[in-house]
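In: A predicted structure for the sequence below; I have some questions about it.
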Amino acid sequence: MKIIIFGANEIGSMIASEFYTDNDITVIDEEKNKADAFNKLDVGFVGGNASSIDVLRQAGIKDADVFIACNDSDELNIVACLTAKRLSNVKTLCFVRKEEYRSSLGIAKDAEYNGDFYIDNVIWPEELLTQEIFRIITVAKALDVENFASGRARLLEYKLGENSPLINKMLKNCEFPKDTLIVGITREGTLFVPNGNTTLKADDKVIFMGLSHSLDILAGKFFHEKEFVKNVAIIGGGNVGLKLAKILESLKLKVKIIEKNEERCNYLSQELDNTLVINGDGTDLELLNEEDISASDVVVSVTNNDEKNLLCSLLVKHLGAARVISRVSKSVNAALFEQVGIDIAISSKTASLNEIKNNVRETNIGILATVEQGQGEVLEIELPESYETKKIMEMKLPAKAIVGIIRRRKRIVIPNGATQVMGGDTLIIFTTSENAPVIRKFFEEG
């Protein structure tokens, strides 16, 4: 597949790194010196602006399958995608940073008046980030939350405390609720797929998959009892902070926002109905104390500056906050944030990369989610109707992986080794990112 990427920035580099081994990649950017960052990758580079017809032709737009515009300018991305669409039948994916472009411009494929002049998919990273933070907030003490099958099944990640009743138990001896599975464990920074003889240890980060109702029972039994998120403090009143507050208001939660800019505070007060807007600096220890921010069930720092988010998060953690979620703009910082004690660090770029992966897939295999900073992947595999019925234990997967969920027409099945897999099923499989290509190849060829 031929993919053209407009933008030699961090997200452009992440996309190129993900796809270059199996695809023909060309990167376009006006700054030719940025080509050096791609030297370790087997990709082409064209200097120029992708909104130019000549530049697009030089990059081979006529033969391209996918055009991804992730330049730092929304306007250039939009023009480039529309120009590419005029020149070929290429699939266009456009990154925007302004909400008005995501919501109001008639450029999406299903827009009412676009005719043949449209963009296939508009990606607003801040929206993806907000959705991910919201999912995590709504499940007490969870480190990660992913919803599958319209919310009927889930992935939840928890950290085992020193007093957990699961410590020093083999998985086969743990009495988990029906329709729940442990599919992954992160120990000392490394993710692996466990088996029945794996013994759980303190500080393990354990990943479960199962039916949503069953996971609620599991959470109440092992991780919290009758504990619900009731109040949330948000540091940073930008697009993410505002959008997050609106969603939390709809759940009748108590929300506070700390925002440094007075004019922005006035705007937030007009846009929000039941949120307390505080004009102040999230790094002001005295302010954090006065407003009792650490008493919130969750504190979320979502300014657009990594250093400030880290400092704010460390301060509220020092004051005793039980759960802190921090936004990271540079994806490489996520692991660092968690190493210094931040509970959850989330990058919008990682969420955007998952969106890209699903939009460029050529086969019946997609990626529903990644976990633990990309160490693990949740694959969605649609089996053809001609697939031979067999038990999971008879599938003989070529690498460690767990079939966590089977979607069979309107039914959701949490399987075990004796569960039969049949044609037409959709399998949701958990594996490490190292083993994911092997698993994908197994089903592509089978």
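Out: Now that the structure is in, tell me what you want to look at.

In: gap between the two ends of stretch 27-36?
Out: End-to-end distance of stretch 27-36 (CA to CA, to the nearest Å): 12 Å.

In: Relative to F148, how far out is V413?
Out: 12 Å (CB to CB, to the nearest Å). Heads up, the C-betas are built off the backbone N, CA and C, glycines and all.

In: Give me the common contacts of these two.
Out: Residues touching both V413 and F148 (CB atoms under 8 Å, 6 or more residues apart in numbering): I405.

In: Sketch out the low-pLDDT regions of the chain for me.
Out: 103-117, 225-227, 361-364, 446 (pLDDT under 70).

In: what residue is smack in the middle of it?
Out: A351 (3.3 Å; CA atoms, centre = their mean).

In: what's the nearest residue to that residue if we skip its chain neighbours?
Out: L128 (3.9 Å; CB to CB, 6 or more residues apart in numbering).

In: what's the spacing between the one you found and V300?
Out: Applying CB to CB to L128 and V300 gives a distance of 15 Å.

In: More neighbours: these two, which one.
Out: Remark: of L128 and V300, V300 carries more neighbours, 32 against 19, as counted by other CB atoms under 10 Å.

In: That one contacts I247, correct?
Out: No. Contact criterion CB atoms under 8 Å: V300 and I247 do not qualify, at 11.8 Å.

In: list residues touching both of those two?
Out: Residues touching both V300 and I247 (CB under 8 Å, 6+ apart): there are none.

In: higher neighbour count, V413 and F148?
Out: A count of neighbours by other CB under 10 Å puts F148 above the other of V413 and F148, at 21 against 17.

In: The more buried one pairs with what?
Out: With DSSP bridges as the criterion, F148 is bridged to A153.

In: for it, what are its contacts?
Out: R154, L155, L368, V378, I405, I428.

In: same question, N289
Out: By CB under 8 Å, 6+ apart, the residues touching N289 are L319.

In: That one in helix, strand or coil?
Out: Assigned by DSSP: H, G, I helix; E, B strand; the rest coil, the conformation of N289 is helix.

In: what does E249 give?
Out: Each residue gets one of three states, and E249 gets helix by three-state DSSP.

In: Now do the helices in this structure.
Out: Assigned by DSSP state H, the chain shows helices spanning 10-19, 53-59, 74-87, 99-103, 125-137, 212-222, 239-250, 262-271, 285-290, 306-318, 333-339, 348-360, 436-445.

In: and the third one, what does it pack onto?
Out: In this structure, helix 74-87 packs against strand 2-6, helix 53-59, strand 66-69, strand 91-95, with contacts taken as 3 or more CB pairs under 8 Å, 6 or more residues apart in numbering; DSSP states H and E.

In: can you check the last one too?
Out: The criterion is 3+ CB pairs under 8 Å, 6+ apart, and the helices and strands that helix 436-445 contacts are strand 365-371, strand 376-382.

In: Just give me the neighbour total for the residue nearest to E271 when sequence neighbours are not counted.
Out: Closest residue to E271 apart from its sequence neighbours, by CB to CB, 6+ apart: L242 at 6.2 Å. L242 has 23 neighbours, counted by other CB under 10 Å.

In: try K254
Out: Neighbourhood size, K254 [other CB under 10 Å]: 16.

In: and the gap between it and I234?
Out: From K254 to I234 the distance is 11 Å (CB to CB).

In: Also Y267?
Out: Relative to I234, Y267 is positioned 15 Å away (CB to CB).
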